[in-house]
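Asks: Sequence and predicted model, in that order:
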Amino acid sequence: MRCWPSILCFLAFSAHAGEEPADPSGYGQLAARAEAELEANLDEAILSYRDFIAAHPESEYTTAARFRLASLLITRAEAEPGATPDYGPAIAELDTVIQATKDREAGDFTQIAEAWYLLGWCRREAQPDQAAIAWAQVAAMAPDSDLGRSCMLHLGQQAMDDEAWEQAADH
């Protein structure tokens, strides 16, 4: 993805900003321009994945493209500080990814646990019960992985929030 060079460029400018006399308006413009480039590259990447999926709906890589698109949509949803993220588009892509794996139409896609995890992440606020189902899937698929342990922590936190102390202790 092309946003990494922009991030590195932004970080390089940030590192060198302290070496020159302070120019808050110039630096502010630089920061705004760098942020706009990151957003433009994110939008460009989202469009590229959507174009690929539309052009190759039956490709062995379509499920992987949908998964990557979902992760970019999550990034886009969380980009607005203070706003409630709209995870709807990402959830739709993740649901499609999961269904494709269930139907054995996912090619050689191997990141199913990650897809379930992201689905839980997207649903954690609005649909905590659905998030718990997704995280339980990951915990069952990969119990000894970092992702599985992370899901157990999420499930434990959710149980504590519900004051289900025994269930929290089990997780």
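Replies: Noted; the coordinates are in hand.
Asks: quick one: least confident helix or strand in this protein?
Replies: In the chain, the helix or strand scored least confidently by mean pLDDT, DSSP states H and E is helix 3-17, which has a mean of 40.
Asks: got the residue ranges for the helices in the chain?
Replies: 3-17, 24-55, 62-77, 88-102, 112-123, 128-141, 146-161, 165-170 (DSSP state H).
Asks: And these, which one averages the lowest pLDDT?
Replies: Among the helices of the chain, helix 3-17 has the lowest mean pLDDT, at a mean of 40.
Asks: Backbone dihedrals for Ala83, please?
Replies: phi -90, psi 150 (degrees, to the nearest 10).
Asks: what's the burial count for it?
Replies: Counted with other CB atoms under 10 Å, the neighbours of Ala83 add up to 9. Where C-beta positions appear, they are placed from N, C-alpha and C, glycine not excepted.
Asks: So which residues make contact with stretch 78-93?
Replies: With contacts defined as CB atoms under 8 Å, 6 or more residues apart in numbering, stretch 78-93 is touched by 39, 42, 66-67, 69-71, 73-74, 77, 118-119, 122-123, 126.
Asks: rerun at 10 Å
Replies: Stretch 78-93 has contacts (CB atoms under 10 Å, 6 or more residues apart in numbering) with 35, 38-39, 42, 46, 49-50, 53, 63, 65-77, 94, 115, 118-119, 121-127, 130.
Asks: mind listing what's buried in it?
Replies: Buried residues in stretch 78-93, counted by 16 or more other CB atoms under 10 Å: Pro85, Tyr87, Pro89, Ala90, Ile91, Glu93.
Asks: re earlier: selecting buried members of the contacts of stretch 78-93 in ChimeraX, what would you type?
Replies: In ChimeraX, this line selects whichever of the contacts of stretch 78-93 come out buried by 16+ other CB under 10 Å:
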select :38,42,46,49,50,53,63,65,66,67,68,69,70,71,72,73,74,76,77,94,115,118,119,121,122,123,124,127
